[in-house]
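# Just need the structure, nothing else, for what follows:
(4 chains)
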2 protein chains.
Amino acid sequence: MPSNVLKTAEVEKISHLEYFNIAVSVDCVIFGYENKELKVLLIESDLKEFSGLYSLLGDLVRPDEDLDAASYRVLKERTGLDDVFLQQVHTFGRVNRHPSGRVVSTAYYSLININNHKLSIDDSNLHWHSVNSIKKLAFDHKEILDTCLKLLRSQVMDYPVVYNLLPEKFSLRALQEVYEAILGVSLDRRNFRKKIALKNWLQELDELEDDVSHRPGKLHKFKPKVIKSLLSKIG
Amino acid sequence: MPSNVLKTAEVEKISHLEYFNIAVSVDCVIFGYENKELKVLLIESDLKEFSGLYSLLGDLVRPDEDLDAASYRVLKERTGLDDVFLQQVHTFGRVNRHPSGRVVSTAYYSLININNHKLSIDDSNLHWHSVNSIKKLAFDHKEILDTCLKLLRSQVMDYPVVYNLLPEKFSLRALQEVYEAILGVSLDRRNFRKKIALKNWLQELDELEDDVSHRPGKLHKFKPKVIKSLLSKIG
DNA sequence: GCAAAAGTGTTTCAGTTACACCCATGC
DNA sequence: GCATGGGTGTAACTGAAACACTTTTGC
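Alright, predicted model coming up:
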């Protein structure tokens, strides 16, 4: 087509109809935390091709739904949770990655509190799996998981993304254990506390732990404005 | 559907046919460098809706084409260049981002040598635009450009992505000017040289600049294995 | 009183920044 | 000889890492 002839969007669409033949999905890597371990929420694959394997939670994007909105919908449908931080990570588009046909999938990660959402799973065969124990998943979901974990690890010290993994009030030790589970390393207690204090994410409360058999630590919570600014910044 | 009934991929596809109604495209932010300025390759929009505006180079992904391959194809078709570093950045999926219909687009950036590809543009109304001067683009392409520039800036000191912006042999001053153009700051010469030396990306040649009216600097080139490992790592 | 973790500072090290002089070349 | 950039080292600073003792509580 000569470059000086403008075409309308409608004409453009008609001339490319055959291309509107790829489905777009989102896959959510939903991390949780329990027993000092990082977990991820998986579902048994309902495809014969992947019988016995687990897969991430995903769904096709609806024609009238923003891509980001689809990831929020999946999270909401599966966990009942709303207002959660969701981070787009990468888009996976190999031709044969999905046996049902051509599906390009955008991966997101989020972190939620395992206890908060227990109420909302009534139906399903969702299970939390320890991230470290996962060797194989359906589709290319292991690769997606690895990619998301890598990004999470690189962001976790710069953004307060872990705020949802703990109850509202927590001790600094509990927070440190979360970081150790995510990063897969052990951290020095004094340096950790210094670093966290510098970030100014937390407020110290006038309450102590009350369920421990040793000297109780002070409880802390994330400052609400810190969470708000996270949700608006990289949502 | 009860969770204990497995379905085949074929059944799954049939039951979701209406979803195979979203097009997937790639948009390439192709950076170049000239006159100490960072440039980006744009084309006049051929859509009436965006008459007079420029847009990034993109195309719909073909049904039998990997997503990454589509971005390589666009780059090759438009510049004749092959074997270039291409970095996936983000996927943009707002419902109304494209007037032709629902198009979800994955953005990539790359950096090429403006002089190398001059030969290959015979047809078209492609133009290099100074990145700093761009205020508005067709579609959401300004947002895409900004997102890609941000990622480029965050990667440019960690990976040798700039190798293509310069001729094969270049002086350290020329390299520094590239970094200054990308980062939008001016750098200290001694510190810059120290930092680059530490990365061990370059080999010093036994040649000097010969077209300057002052003391000529030694020429350097990127080590081939550095480029190879970049192309395989985040390609 | 003992087990367990809370709380807290200093020193060392590495990496980054700031900064100035002499040198080689073209004109 | 002068204008232009080439080439180089050191001191100050900042952030990260290593490291140990006293305190508080439950039992």
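# Please name every helix or strand in contact with the longest strand along chain A.
Scanning chain A for the longest strand, with DSSP state E as the assignment, gives strand A:23-34. Where contact means 3 or more Cβ pairs under 8 Å, 6 or more residues apart in numbering or on different chains; DSSP states H and E, strand A:23-34 is packed against strand A:37-44, strand A:57-60, helix A:67-79, strand A:86-92, strand A:103-111, helix A:141-155, helix A:172-183. Backbone N, C-alpha and C define where each C-beta goes, glycine included.
# what helices or strands is the first one leaning on?
Judged by 3+ Cβ pairs under 8 Å, 6+ apart, strand A:37-44 is in contact with strand A:23-34, strand A:54-55, strand A:57-60, helix A:67-79, strand A:126-130, helix A:172-183.
# which one of the ones you listed lies closest to DNA strand D?
Proximity to DNA strand D, assessed across the helices and strands packed on strand A:37-44 by Cβ to the nearest atom of the strand, is greatest for helix A:172-183 (10.8 Å).
# Need the residues that contact the following helix or strand past the closest one.
Sequence-wise, the next helix or strand downstream of helix A:172-183 (DSSP states H and E) is helix A:189-199. If you take Cβ atoms under 8 Å, 6 or more residues apart in numbering or on different chains as the criterion, helix A:189-199 is touched by A:M157, A:P160, A:L172, A:R173, A:L175, A:Q176, A:Y179, A:L202.
# got the CA positions of helix A:189-199 in CSV?
Provided in CSV are the C-alpha atoms of helix A:189-199 (Å, rounded to 0.1, in the frame of the first residue of the first chain):
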residue,chain,number,x,y,z
ARG,A,189,19.3,-9.6,62.1
ARG,A,190,20.9,-6.2,62.9
ASN,A,191,21.6,-5.3,59.3
PHE,A,192,18.1,-6.3,58.3
ARG,A,193,16.5,-4.1,60.9
LYS,A,194,18.7,-1.2,59.9
LYS,A,195,17.8,-1.6,56.3
ILE,A,196,14.1,-1.8,57.0
ALA,A,197,14.1,1.1,59.4
LEU,A,198,15.8,3.2,56.7
LYS,A,199,13.0,2.5,54.2
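# could you check the angle helix A:172-183 makes with it?
90 degrees (axes from the mean of the first three to the mean of the last three Cα atoms, to 10 degrees).
# now helix A:189-199: mean pLDDT?
Across helix A:189-199, pLDDT averages out at 97.
# how about it against DNA strand D, any contact?
Yes. Helix A:189-199 is in contact with DNA strand D by Cβ under 7 Å from any atom of the strand, via A:R189, A:R190, A:N191, A:K195.
# Count the neighbours of the nearest residue to A:D210 once chain neighbours are set aside for me.
Once flanking residues are discounted, A:D210 sits nearest to A:P216: 6.4 Å by Cβ to Cβ, 6 or more residues apart in numbering or on different chains. A:P216 sits with 13 neighbouring residues when counted by other Cβ atoms under 10 Å in any protein chain shown.
# Equivalent analysis for the one 5 residues further on, please.
Burial of A:K221 is recorded as 19 neighbouring residues (other Cβ under 10 Å).
# tell me how far the helix or strand it falls within is from the chain's mean position?
Per DSSP H and E, A:K221 falls inside strand A:218-222. Offset of strand A:218-222 from its chain centre (Cα atoms, centre = their mean, to the nearest Å): 23 Å.
# just checking, what packs against that strand?
By 3+ Cβ pairs under 8 Å, 6+ apart, strand A:218-222 packs against strand A:170-171, helix A:172-183, strand A:202-208.
# Next, the angle strand A:218-222 makes with the last one.
What that stands for is strand A:202-208. Here the directions of strand A:202-208 and strand A:218-222 differ by 140 degrees (the same axes, to 10 degrees).
# Would you agree A:R173 is in contact with A:G217?
Yes. Between A:R173 and A:G217 there is a contact under Cβ atoms under 8 Å: 5.9 Å.
# okay, now the nearest residue to A:I114 once chain neighbours are set aside: neighbour count?
Nearest non-adjacent residue to A:I114, counting by Cβ to Cβ, 6+ apart: A:G32, 4.1 Å away. Counted with other Cβ under 10 Å, residues neighbouring A:G32 total 23.
# who does A:G32 bridge with?
Beta-bridge partners of A:G32, counted by DSSP bridges, are A:K39.
# hang on, isn't it packed against A:L42?
No. Using Cβ under 8 Å, A:G32 makes no contact with A:L42, being 11.0 Å away.
# Around DNA strand D, pick out the residues from chain A.
So far as Cβ under 7 Å from any atom of the strand goes, chain A lies against DNA strand D at A:D188, A:R189, A:R190, A:N191, A:K195, A:V212, A:S213, A:H214, A:R215, A:P216.
# so how far does stretch A:58-72 reach from one end to the other?
11 Å (Cα to Cα, to the nearest Å).
# Show me the contact partners of that stretch.
Against stretch A:58-72 from outside (Cβ under 8 Å, 6+ apart): A:23-28, A:73-74, A:77, A:82, A:84, A:86, A:88, A:103, A:105-106, A:108, A:235, B:16, B:18-19, B:21-22, B:91-95, B:102, B:104.
# Which among those count as buried?
A:23-28, A:73-74, A:84, A:86, A:88, A:103, A:105-106, A:108, B:16, B:19, B:21-22, B:91-95, B:102, B:104 (16 or more other Cβ atoms under 10 Å in any protein chain shown).
# And the pLDDT for A:K13?
58.
# Show me how chain A divides into domains.
Split into domains by automatic domain parsing, chain A comes to A:22-155, A:168-233.
# for those domains, which one ends up most surrounded?
Each of the domains of chain A was scored by mean neighbour count; the highest is domain A:22-155, a mean of 19, by mean count of other Cβ atoms under 10 Å in any protein chain shown.
# mind putting the residues of chain A next to DNA strand D in TSV, distance to DNA strand C included?
Putting these into TSV (distance: Cβ to the nearest atom of the strand, whole Å) gives the following:
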residue	distance to DNA strand C
A:D188	7
A:R189	5
A:R190	3
A:N191	6
A:K195	11
A:V212	7
A:S213	7
A:H214	3
A:R215	4
A:P216	6
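# Next, give me the two most distant ones among the residues you listed.
A:K195 and A:S213 (28.1 Å; Cβ to Cβ).
# hang on, the earlier thing: mean pLDDT added to the helices and strands packed on strand A:37-44, as a markdown table?
Output for the helices and strands packed on strand A:37-44, formatted as a markdown table (pLDDT from 0 to 100):
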| stretch | mean pLDDT |
| --- | --- |
| strand A:23-34 | 97 |
| strand A:54-55 | 97 |
| strand A:57-60 | 96 |
| helix A:67-79 | 96 |
| strand A:126-130 | 95 |
| helix A:172-183 | 98 |
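# These into a markdown table, with extra columns for distance to A:E207?
Converted to a markdown table, those look like this (distance: least, Cβ to Cβ, whole Å):
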| stretch | distance to A:E207 |
| --- | --- |
| strand A:23-34 | 21 |
| strand A:54-55 | 39 |
| strand A:57-60 | 35 |
| helix A:67-79 | 28 |
| strand A:126-130 | 29 |
| helix A:172-183 | 13 |
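# Out of those, flag the one nearest B:H129.
Nearest of these (Cβ to Cβ): helix A:67-79, 27.6 Å.
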